Structure formats: structure tokens, C-alpha cells
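> Next comes the sequence, and after it the predicted model I'd like to discuss.
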Amino acid sequence: MVEPQVEPVRLEVNGVTRRLFVAAHRTLLETLREDLGLTGTKHGCELGECGACTVLVDGTPTLSCLTLTVEVDGAEVVTIEGLGTVGDPHPLQRAFAAHGAAQCGYCTPAMILTAKALLDVDPEPTRTEIAEAIAGNMCRCTGYLPILEAIAAVAEETR
Amino acid sequence: MRIDPTHGIVGAAGPRVDGLAQATGTLRFLDDLAYPDMLWGKILRSHHGHARIVSIDTSRAEALPGVHAVLTGADLPVAFGLLPVSQDEHALAVDKVRQVGDPVAAVAADDPDVAEAACELIDVVYEPLPVVTSIEEAVAVVDEPIHGEGPRDNRHREVSLEFGDVDAGFEAADHVREDVFFYQGNTHAALEPHGALALVDETGRLHLWSSTQVPHYLHRIAAKVLELPEHRIRVTANPTGGGFGAKTDVFSHELVAAKLALVTGRPVKIVLTREEVFYCHRGRHPVLMWFKTGFTADGRITAMWCRTYLDGGAYGSYGAASLLYTGQLQTTTYRIPAYRFQGARFFTNKPACGPKRGHGTPQPRFGLEIHLDKAAEDLGLDPVTIRKRNLVRPFSTTVNHLRITSCGLEECLDRVVAASGFADKHRSLPPGRGVGLAVGAYMSGAGLPIYFNDMPQSEVMVKVDRGGLVTVYSMAADCGQGSTTMLATVVGEALGLDPGDLKVVTADTDLTPIDLGSYSSRVTFMAGNAALEAAMKLADLVLTAVADELDVDPDEVAIGRGVVTAAGRELTWAEAVRIAEARWGLLSATGSYKPPKDIKGDYKGAGVGPSPAYSYSACVAEVDCDPETGFVTVEKIWLAHDVGRAINELLVRGQVEGSVHMALGEALMEEQAFRGALHDGPSLLDYKIPTVLEMPPVETILVESVDPEGPFGAKEVGQGPLLPVMPAIANAVHDALGIRVDEVPLRPDKLLAALRDLERGGEGRYGPTKLPDYEFRSPLPVEPPPEFR
């Protein structure tokens, strides 16, 4: 095996500056999960199809499994760990639990981050706009209906 | 156990007890575990559909820096299989590979890249063998069958049973109809890929974590294959990121991770890629089926003959049970006075099929519900009337000896028809729009365990500490269905405590008493009953001690919400618990559940189908079909489900909506299809599942028939609601366009072919027309129950 090329990278992850050396082929998903221990971001398909690895890069929902860490040098990254905790959850996290928007919970962190990105730019989305925003995030358990309700409820609350 | 809830805990719609852990990303799935000195395992898999292994040379892989161990079939020679009758798999192939993706060798290395590179350095010489990929090919006698010695055919199992006089029933009929249907295979596509992590602990015992729905079965099989006593192995099931049956089998990667940990002495983790998950499969069997049914002029069934042909893939897996499931549950919705069932499962060189939501019953349900619709049209009846004429009655026995208890089928049918306006819409909507109806039933747990024994199927232990914390111990594995919340709710209701205030310890063979696993929709009914029994015993200990302490009559002591009341006094739960601990010592209690023995017949095959209770569902689908493109849009689904009693309404509705979503995919787009032995598209890009944009509104109607034996009257909801959706959609397409697509998925090209057939003066049908050239043995006559004689 050829020794991989290693690059220095600086990321703002959930408000904290992280300086790392990463192999050029390392994905942002691997960096977050394996180097930084932020396992709330999930691996579902490694090909950008399921959306479970979505994180916010400079506020935009981004598939971390298709993003090389070196590509986002200097960027602000928000993962589910940056939103809230069990003791102090973000309104979206609270609404997802209350509305039954998670069953197995595997797609949930990515779904919540995608919803946050939507509400950050459009605090009063229609149901269709919510659906379009999360159309790239697969959920195999819920049939999506409680997810739509939870996001709409948060939009309603903050109105 | 028939106890009515009084504390408003059962029946509420509160959040899951792990809801915030899920929403904050802190619920730990298998792949979220890691150890500092952990190695990564990787499996080398076959790219041949069928081949003899001539030689394996691992020397180049072993020499790669960073590689710690390489295994082949010689290191794990013991055969295994989930069912005792199907011990036909190896953790790593021995002598032969039987499907693309069969595990051949495995590596443990410092990181995943090295492990993958090492796999590429393993030199395997194969001698390719002829590949069998269809039932038509599998019925032929060949020199090299997939299992066993040739010459012989590739039949795996056959069943041939007759209950009552079917020929006499056909003779007595005014109308007899025959139909052929095909149900394409599809897969679970749970979002979490399977994974396992193993290590040897400080006492030398093996600890195996897995994303499994069945820690007990994994425990048994790991002991067998690793040749260790069960007490030297601990299995922990992580919360799984979706199961749907995908994780109810035992897989190569679990056994290989364990063996690699034993060999290297270091923790080893293996997580599958999405492509590997598609090749592990164990999903829906492709089934070709034929129904012949006799009816009286007013639509009553006089006899039914059903034949099914299952494409099982390369291994037995749960297939012997899947085969019986394609025949057994037809009688649970309609009274069929005479019934003949013949079915056969065949081996092919494709990933093995197994249980997916509804296990073996969605395929015949699809056929049966369309068959009935066609018969109704022949007889000039509407789809509601023909079903109502034949509904099974509550507290009755079926001709194949299944015991029916609570049954809300008629109420489900009435309510879904009323809510959807079915009677006004059917045959009356504008061209291209249509409505369709279907019903279904499913088991609240398989009546028999997978391996024969007389022990309970579920056991639960509860313990209380001095602070009042109640801990519930159960091996039930939460695969997203909410079994942990169910346990907390049932115990909470019995003790007047908020489910979120209880601690639930689950799915660990060292810590928790038996639960056979999260399959066959068994957990609420069985583990729920065991939990209720344990909680009631515990409540009794507390109430008795408080009565003694306060010197009042035990009848004057009662449990309220968080309190114990006694003759006008009120103690907090914690105060009451301390009185009880002083009286009895450590406060704990156990409960066990075993299904009644009298719920099955005594013929060969009678073990599959019996359940302590059946759930019932009815569905109306409204569709909009584009005759230009053949594209079906589902506008709305109405689904009524008899859940007995909703333990948690939020979770019950979630199971209904999730079932509708999965059913929609099966009906319209999903197929586990192959080019030869190669998967047609083993990725979530090629394998289409419905996104939020395809999901229609769902009107869920919960019917509570309050089962006399279910915990607080509850029955299952995880699988049943899926069953009627596919045929309801197919029947709606017929109402919309006058065509019949007698197979799933109802792809646009099939609709267009049926429309072309209609234009050319044909019957407007797309679907199979003939059956394989296979002779069933004559049916074994089984005496029906007395009421059918």
C-alpha cells in the first residue's frame, strides 16, 4: 500500500476550532466519527444516497460521506452534537421526540440538521417546502408524516 | 392478561423513553462503539454465483503490514442455520460458494483500508459451476445441486396439506375461479448497515455486540459455531437502526468478528457496506402463486386451493417457516370450509430470502385479495359485500386449526369503508382515478419457539431500589419499534409510574432474562405479558407491606399516580417501597409468558401460523393513474387496524404509517432483482424506496377489540398493517383503468402493457399465466375441527 498524503486542516466544529492532519482521501464523515468521536452523524450507504450522514457545512446541509475533509478546510461544521443535549434539547430535537418523528433514530440527526437549515433561512415554510427540503433524507420507519408534523410544529412555535 | 388500565399511562401518546437520545444523536448504535486497541475486520466475498473453491492462498495477505489475522472456512468449520432443520450455512465458505456475496475469507487489521487491501491479496481459485437463478431452472434435475449430492432438483422443502373435502367444495360451488399471481422479492433496506464488535473480556469470556434483533438466537449459534459453552459468551444487542426482519438471522460477520477477537485477543469490529447488506438480504421471497376458489352465488366461499412456489435463494434461513406462512394465514380473515395448500421452496444461486415485515404472508395476501375482487365482479357483488359474507368470526377456530380470539375485522372494514367514502367512489370516480379495498391479519407472536422447548418465550424481572427507582430487565431488542418504551409503559401503568422515570435494561444475555427476539410481532404480547405479571407481583408486595405497616385491610390500599394510598393516608411511592423493603428484603419480582398449548393442530406443519392472538387490518387506497405514462400516484390511504389496545398511541400510529410507507414501496417500485446471479443494483440509488415526496396522507383508524389474553388487551401492530396495502393499491388501479396488474411492483411498464392488451380487445391484464412444471405430492388429509365436519 502507498502511504496516503496527509494534509493539515482547520475546522470550526460546533463552535470549537479543531486542527488536524488528515489523509487526502479521508471523508468528512470519517473525520467526524472516527477522528473527533462525533458519532451522532451516521453512515448509511457511503454513496450519498440515503442522507443519514448530512451535516451543516457553513449552514448548508452537506453529505459528509461524499465530502473530503480537505475540501472543507476552514469551514464551519455543525453536527447533531452542536444542537442540544438530552438535558437541554434544541426545539427540533424536543419536537422530534414529542411527535414520534424517530422510530429507530438512525436518520434522525441528519433529518433534524436538514430541518434546521431550512428553518434558518425560511422560518415559515409550507408543508410542501418542508417535504422538498427533506426529500434527500431517507427514513425507512416512520413514513415521514410525523417528521413533517414535528418540523411544522417548531416553525409554528417560533412564529 | 385482562387488566384494564386505570392510571392513564397505557393508552396515552407519550414520547419514546429514548426519544431525546435519538434526537440528540446520543443513542449508541453498533458502529458508534469503539475500543482504543480495536482492529477492523473485513470479509472477502464471492463474485461467483456458484463455484467450487479449489484453493485459497492467504500468504500475501498475512504478510501485509498491519494485518493481524486471516481466516478461511477451515477456521470455522461448523455449519449453522437459524432453524434447526436448516443447518446449511458456514461463517466462511467451506468447499463451495452458492451466491455472489458468500463470505470466503476474513481479515483483521489496524484500519479498514489495510483490511480491504489485505482482502484483495487473498488468492482464491474457483471452479465455476452452472448457476440456477429461477424456479423454472430449479425444478430441473441437475448433476450439481446447490445443496447436497446430485443428480437431483433444487427443491428445498415442500408442503401439501388438505383440510376438509376441497373437491366436494368445488362441486357444490356455483362459481369457481382460478388466478395466478407473482410477488417480486424486495428487501428491508433498514438505514443502518449491519455490524458486530467482539472482544475477549478480563475474565477470558467472549463479548459480542451486534445490531441484531435476536440476541438469544445469536448467542446459541455463536456457541455452536465457535465451539464454546454458552456461559463463556455474552451477547449484547445494540439498538438497531431499523430491522424489519433484516437482523433476525445470524450472519457471517457476527461469527467472524467473534473468531477474529478470539484469535487476535483484541477487539474487532466489522460494519457492512450497503452493497454487502443487499447481498446478505434475508428479505421477501419472490412467490409465484395460484388460487382456485369455489363460491356460492351469493359469494360464500365453499373451498379454496392455493399453491405457492418460493424462490428461496442460496440457503434455508427461515425458509421452511416462510413456506408454511404462504399458506397458513389465508384462513384467519375468511371462513374457508375446505382448504388445500401446496407449496414448495426452491434453492437458487441468489442471496437467501427470509423474513421481512409480514413474513411470507404479504405475497398470498396480495393474491387472495385481488382474487376475491375478481370473484366479486364475476358474481355481481361489490368488494365490501363479498368480504362481509366470508368474515371469520371472533372466538372461533379455522379449518386448519388456528384459534381465533378477539377479532375487530368487521369493525375495521366498516370504518375504513365509511371514512374513505368507498361505496360512493368505487366504479364512480373519473377515468384514471380509483379506489381499492383489501384486508389482512397477522400474528401477535409465533405460538412456537424456533427450537423446540417447553420454557417461556419471554421472561421479565423487575427490581426496586430504596429511592423508588424501578428497573425492568428484558432481553427484548429495540429495533425502532419501541419495545423498550412498551416495557416501561406496561410496568409504569401497573405501578402508577411515569414510563420515563423507569430504567429499562434490555437485550444483554448476561444481564437480562430470556426474550426470544424482536420477530413475528411477538414482543408486546409476550414480553408485555411477562412484564405485567412481574409488575403485578411487585405491586402486591408493596401493597401487602403497607397494609401490614399501617394495620389496615389490604383492600383499602391502592396504587395511584406516584403514590400509594391507604385508608385516607397517602404515601409517596418511595416511602411505600421502603416499608416493603423492610418487610420483605430486596424488592424484586419475575414474570414469564408462554403461549397456551391449545392454539394449534397436531399435523406436520401445524407449528407455523398459530398465535395467541391475531391483529386485523382493512385498507382503502385511492389512486390517480396516468394512462399515458402508466405512473400510479397514491392519493390517500385509509387504514383501520385492530391492535387490541394501544399501549402507546403515538407508537402504534407510527407503526401503521411506517407499514404503509413500506407497503407503498413494495406495491409500486421496490424489487430485489438480478441479472443472472448478480444483483441488479445493490445500492439505495438503484433500489428505489419511497421518499417523503411519494408518501400520501394516511388516515389511521385504531380499533380496540381488547384481547382477553394480551397485556391490557394489546395485540400486534408492527407487521399487520402492511398486508392489505399492496392489494388495495392493485384493486384501486383496476378501478381506475379497468386493467389488472397481477404482480408487484406495479411498475409503469406493466400498466402500459395491460392497457395495450385492453386496447387490443384482451382482458387488460399483465401478470404470470403459467405455473412451473412441478408435481406436488398428494396432500396429507387433516381432519378439520368439529365445527367444520
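That came through fine.

> how is chain A carved up into domains?
A:6-82, A:91-157 (automatic domain parsing).

> does any bit of the last one sit next to chain B?
This means domain A:91-157. Yes: Domain A:91-157 is in contact with chain B by CB under 8 Å from any CB of the partner chain, via A:92-94, A:96-109, A:112, A:131-132, A:134-148. Quick note: C-beta positions are derived from backbone N, CA and C, even for glycine.

> can you tell me the helix or strand for the residue of chain A found nearest chain B?
Nearest residue of chain A to chain B, counting by CB to the nearest CB: residue A:40, 2.3 Å away. Using DSSP states H and E, residue A:40 maps to neither a helix nor a strand.

> ok, now residue B:36?
With DSSP H and E as the test, residue B:36 turns up in no helix or strand.

> follow-up on the earlier one: so the residue of chain A closest to chain B touches residue A:80, yeah?
Yes: between residue A:40 and residue A:80 a contact is recorded at 3.8 Å, counting by CB atoms under 8 Å.

> What residues does residue 154 make contact with?
Since you didn't name a chain, this refers to chain A. When contacts are counted by CB atoms under 8 Å, 6 or more residues apart in numbering or on different chains, residue A:154 touches A:91, A:92, A:95, A:115, A:119.

> hmm, I had chain B in mind actually
Contacts of residue B:154 by CB under 8 Å, 6+ apart are B:132, B:137, B:138, B:139, B:140, B:142, B:145, B:146, B:147, B:346, B:347, B:348.

> now residue B:570, nearest residue through space, not along the chain?
Distances taken as CB to CB, 6 or more residues apart in numbering or on different chains place residue B:563 nearest to residue B:570, at 5.2 Å, with adjacent residues excluded.

> And the one you found, how far from chain A?
Noted for residue B:563: a distance of 26 Å to chain A, by CB to the nearest CB, to the nearest Å.

> Please tell me how far residue B:94 sits from residue B:564.
61 Å (CB to CB, to the nearest Å).

> Now do the residue in chain B sticking out farthest from the centre against residue B:545, distance only.
Distance from the C-alpha centroid of chain B, by CA atoms, centre = their mean, peaks at residue B:551 (51.5 Å). Distance from residue B:551 to residue B:545, counting by CB to CB: 12 Å.

> What of residue B:159?
55 Å.

> Just give the nearest non-adjacent residue to the closest residue to chain A within chain B, would you?
Closest residue of chain B to chain A, CB to the nearest CB: residue B:25 (2.3 Å). What sits nearest to residue B:25 in space, not counting adjacent residues and going by CB to CB, 6+ apart, is residue A:40, at 2.3 Å.

> and if you look at residue A:29?
Closest to residue A:29 by CB to CB, 6+ apart is residue A:64, at 4.0 Å.

> Then residue B:565?
Residue B:565 sits nearest to residue B:558 (CB to CB, 6+ apart), 5.3 Å away.

> Can you verify that neighbour is assigned to a strand?
Yes: the assignment for residue B:558 is a strand, going by DSSP: H, G, I helix; E, B strand; the rest coil.

> how many other residues sit next to it?
15 (other CB atoms under 10 Å in any protein chain shown).

> How about the residues of the stretch 501-650 of chain B by chain A?
Residues of the stretch 501-650 of chain B found near chain A (CB under 8 Å from any CB) are residue B:650.

> Now do stretch B:757-775: distance from first to last residue.
31 Å (CA to CA, to the nearest Å).

> and it, how far out from the chain's middle?
Distance of stretch B:757-775 from its chain centroid, counting by CA atoms, centre = their mean, to the nearest Å, is 31 Å.

> Can you give me the buried ones in that stretch?
The neighbour-count check on stretch B:757-775 (16 or more other CB atoms under 10 Å in any protein chain shown) flags B:757, B:758, B:764, B:765, B:766, B:767, B:772, B:774 as buried.

> What does the second one show for phi and psi?
What it means is residue B:758. phi -70, psi -40 (degrees, to the nearest 10).

> Do you know the pLDDT at it?
Per-residue confidence at residue B:758 stands at 97 (pLDDT).

> so it touches residue B:764, yeah?
Yes: if you go by CB under 8 Å, residue B:758 and residue B:764 touch, sitting 3.2 Å apart.

> Pull up the overlap in contacts between these two.
Common contact partners of residue B:758 and residue B:764 (CB under 8 Å, 6+ apart): B:737, B:738, B:739.

> Run through the residues that contact the nearest residue to the second one once chain neighbours are set aside.
Nearest residue to residue B:738, sequence neighbours excluded (CB to CB, 6+ apart): residue B:764, at 5.8 Å. Residue B:764 is in contact with B:737, B:738, B:739, B:740, B:754, B:755, B:757, B:758, counting by CB under 8 Å, 6+ apart.

> And residue B:94 and residue B:564? Which one has more around it.
Per other CB under 10 Å, whichever of residue B:94 and residue B:564 has more neighbours is residue B:564, with 28 against 16.
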